[in-house]
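# No letters, just coordinates:
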């Protein structure tokens, strides 16, 4: 079984289509003031959020949280991640907000998988078999 990506898990948890993923996650991870003034910046610079969308798409392909730092590095060095509005005014995605969202989503999946594995291997209390019975060997009651 193939591990699911952050985008697949997030969409399943929030009943979103694949097309809705990037805009919803982008809006959720923007700095609060960026939600208010972002539309104004895009009037003058239509591709302002291009680096942010690329960052969200990169994060969406992650299957392990430990790979998130690679996506952050790509975001930091993205050619579109320059200028006053992005660096100083911070009209952009918060990498910490996205980090928290990816961690919560991927760790929730990991916890669910562990609990499912535990449920398959758990034996009800009081019904444990002796090691010899479990292996199919009968013990003599002598």
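Structure received. In this text the structure is predicted, and so the values were computed from the model without any measurement.

# ok, so what distance separates the spatially most central residue of the chain from residue 62?
For the chain, the residue nearest the mean C-alpha position is residue 102 (2.8 Å; CA atoms, centre = their mean). Using CB to CB, to the nearest Å, residue 102 is found at 6 Å from residue 62. Where you see a C-beta, it was placed from the backbone N, CA and C, and this is true even at glycine.

# so what sits against both of these two?
Here residue 102 and residue 62 have 6, 68 as joint contacts, going by CB atoms under 8 Å, 6 or more residues apart in numbering.

# so which helix or strand takes in the residue nearest to the centre of the chain?
If you go by DSSP states H and E, residue 102 is part of helix 95-121.

# so where's this protein shaky on pLDDT?
For the chain, the stretches flagged by pLDDT under 70 are 1, 110-111, 113-142.

# residue boundaries of the helices in it?
Along the chain, counting by DSSP state H, helices occupy 6-14, 18-29, 32-44, 50-60, 68-76, 84-87, 95-121, 131-134.

# ranking the ones you listed by burial, who's on top?
helix 50-60 (a mean of 21; mean count of other CB atoms under 10 Å).

# by contact count, what packs against it?
Secondary-structure packing of helix 50-60 (3 or more CB pairs under 8 Å, 6 or more residues apart in numbering; DSSP states H and E): helix 6-14, helix 18-29, helix 68-76, helix 95-121.

# Could you point out which of these sits nearest residue 86?
Residue 86 lies closest, by CB to CB, to one member of the helices and strands packed on helix 50-60: helix 68-76, at 10.6 Å.

# can you state the direction angle for the closest one and helix 6-14?
Put simply, helix 68-76 runs at 100 degrees to helix 6-14, going by axes from the mean of the first three to the mean of the last three CA atoms, to 10 degrees.

# how much space between the residue nearest to the centre of the chain and residue 82?
Counting by CB to CB - residue 102 and residue 82 are separated by 24 Å.

# circling back to that earlier point, as a markdown table, the helices and strands packed on helix 50-60 with distance to residue 50 would be great.
Converted to a markdown table, these look like this (distance: least, CB to CB, whole Å):
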| stretch | distance to residue 50 |
| --- | --- |
| helix 6-14 | 18 |
| helix 18-29 | 11 |
| helix 68-76 | 11 |
| helix 95-121 | 16 |
